[in-house]
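> Here you go, sequence then predicted model.
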Amino acid sequence: MITDIPTPADFQSIGVQLLNSAWDTAASLLIDVDEADHYIDDTNELIDAFWNAARLQLSTALSIAQQGSEFLLKGRIASVSPFLLLAAVPREGPAGCAGTDKPFSDFRTIDAQDLIKVHNTCCSPRLPDSFVTEFEDLRKKRNSIMHSIDKSLSIHVSDLVVAVLSINEALGNEKNWVRTRRTYMNDAPQSQMHSSDWVDPRLVLEFMSIRNLLKPAELKRFFAFDKNQQNYICPNCAYSVDPDSEYKPLTALLKPNTPESTELWCFVCEETNEVERKNCTEEDCKSNVLSHGQGRCLTCGTDVS
């Protein structure tokens, strides 16, 4: 008898953790670059050297993201039957399995290259062709990283970020990556040892960096955030990072986007804040969207109260 059979939730949990581990690398590097602007006068000459030094970290993180996608695929297949993941015919099972209980982990499972085929044969809905292409590209890059030294393999941080977001979009149970990220960080060792007070300010720093990195179409696809629309400072996120409100996270949009709208929605904290429509007093600022009751311009950050 086969024992210790993994559940879909087991695979899903590990897959999400691996995606978050890969994301940790990208987010930390991006925040390092953003924070360098505060204490280095000219970072341009250092940027190339920084990213060149980070190539191994990015490549390893991409490999981890690929492993995450494999676990998430296994979870979806296991929701039909975990036995679909077994590769060996009965005669190739572990020695003595017919007469002795053996754990699932003792049996050979199907290769990563077969996961998509098994999924699309047994699971509904099938994965779109676009994701199949992305998965195969990631798998080949992972093989190059793990099994050779490919000097031509160059991973840009945006490749890693988009890979994680695409995998979660296609295979994650929770499609909202900000929520997935918040849950992961609240359960992180730091939160268990100390408290989760660090989570919200860290999320703001991460996703402000992501907002600056991604293209408008990517932000709209993954976060329903329109970078081409006028972006505003989120009062909640600004206070989270800097209680003196000097930080300017442009992570909020008017909902609806009309001249009379008085509600601001943020894709990071997901809160809706009431705003006042009053002209900013800063000479070069044409905004008329102020934080309610605080009098702070949510475009330039000027206190006009």
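Perfect, thanks for sending it.

> what's in contact with the helix-or-strand element of the chain with minimal mean pLDDT?
Across the helices and strands of the chain, mean pLDDT, DSSP states H and E gives its lowest value to helix 129-147, namely a mean of 80. Applying Cβ atoms under 8 Å, 6 or more residues apart in numbering, the contact partners of helix 129-147 are 59-60, 62-63, 65-67, 69, 112-113, 116, 127, 150, 153, 155, 163, 166, 170. In short, each C-beta sits where N, CA and C put it, glycine included.

> Could you write me a PyMOL select line covering just the buried ones among those residues?
Buried members of the contacts of helix 129-147, defined by 16 or more other Cβ atoms under 10 Å, are picked up in PyMOL with:
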select buried, resi 59+60+62+63+65+66+67+69+112+116+127+155+163+166+170
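
> So which of the contacts of helix 129-147 sit within helices?
Ser59, Thr60, Leu62, Ser63, Ala65, Gln66, Gln67, Ser69, Ile116, Ala163, Ser166, Ala170 (DSSP state H).

> hang on, the earlier thing: and the least confident helix or strand of the chain, what's buried?
Phe131, Val132, Glu134, Phe135, Leu138, Arg139, Lys141, Arg142, Ile145.

> With distance to Asp101 added, can I get these in CSV?
Below are these laid out as CSV (distance: Cβ to Cβ, whole Å):
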residue, distance to Asp101
Phe131, 38
Val132, 37
Glu134, 40
Phe135, 35
Leu138, 36
Arg139, 34
Lys141, 39
Arg142, 34
Ile145, 37
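
> of all the residues you listed, which comes closest to Ala54?
Nearest to Ala54, judged by Cβ to Cβ, of those is Ile145 at 14.2 Å.

> Strands along this protein, start to end?
2-3, 102-103, 252-254, 263-266, 272-277, 289-291 (DSSP state E).

> Can you show me the helices along the chain?
Counting by DSSP H, the helices of the chain are 8-39, 44-53, 55-78, 115-122, 129-147, 157-171, 177-186, 189-193, 199-213, 216-223, 235-241.

> Mind pulling up the pLDDT for the residue nearest to Pro235 when sequence neighbours are not counted?
Nearest residue to Pro235 in three dimensions, chain neighbours excluded: Ser291, at 4.7 Å (Cβ to Cβ, 6 or more residues apart in numbering). If you check Ser291, the pLDDT there is 94.
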